[in-house]
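Peer 1: Dropping a prediction and its sequence here:
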Amino acid sequence: MITLQIIQIVYAVVAVLITLGSLATMFGGRSRGGFDEFGGGGFSPFSLLGGGGFLGGLIMLIVGNVAWRIWCELIIIFFRINKTLNNIEINTKI
């Protein structure tokens with residue numbers, strides 16, 4: 001099924017992006033959010049993890065990749081359930 005292959009490709013791409021984002025958070029040099037030189041706010045979703053930094057990036061690396069894996073596995077399971085139900089429907093027709 002083509003959809004399952006697409007999900008696997010999207011999973012790999014997003015897992016790499018999550019890993020790169022978490023490494024950038026871990027080793028980015030700024031450990032606290034604030035105002036940057038352009039006057040904008042330094043808020044990011046990762047500032048909720050203590051302002052980013054090494055610990056926030058490590059949490060993002062682990063939790064982000066595990067949550068993304070679980071989500072993709074659920075989508076694959078839903079497609080397989082649908083396929084199985086279609087096979088049952090075809091086999092039980094009179």
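Peer 2: Happy to help now that I have it. Owing to the predicted nature of the structure, the values given are computational and were not obtained by experimental measurement. Numbers count the residues shown, from 1 in each chain.
Peer 1: Do me a favour and average the pLDDT over the strand or helix carrying Met26.
Peer 2: Secondary structure assigned from DSSP states H and E places Met26 in helix 2-27. Taken as a whole, helix 2-27 carries a mean pLDDT of 92.
Peer 1: Could I get the buried residue list for that helix?
Peer 2: By neighbour count, with 16 or more other Cβ atoms under 10 Å as the criterion, the buried positions of helix 2-27 are Ile7, Tyr11, Ile18, Gly21, Ser22, Thr25, Met26. Glycine gets a C-beta too; all of them are placed from N, C-alpha and C.
Peer 1: other SSEs contacting it?
Peer 2: Helices and strands touching helix 2-27, by 3 or more Cβ pairs under 8 Å, 6 or more residues apart in numbering; DSSP states H and E, are helix 53-91.
Peer 1: which residues sit in contact with the residue nearest the centre of the chain?
Peer 2: Nearest to the mean C-alpha position of the chain, by Cα atoms, centre = their mean, lies Trp68 at 3.7 Å. Shown in contact with Trp68 (Cβ atoms under 8 Å, 6 or more residues apart in numbering): Tyr11, Val14, Ala15, Ile18.
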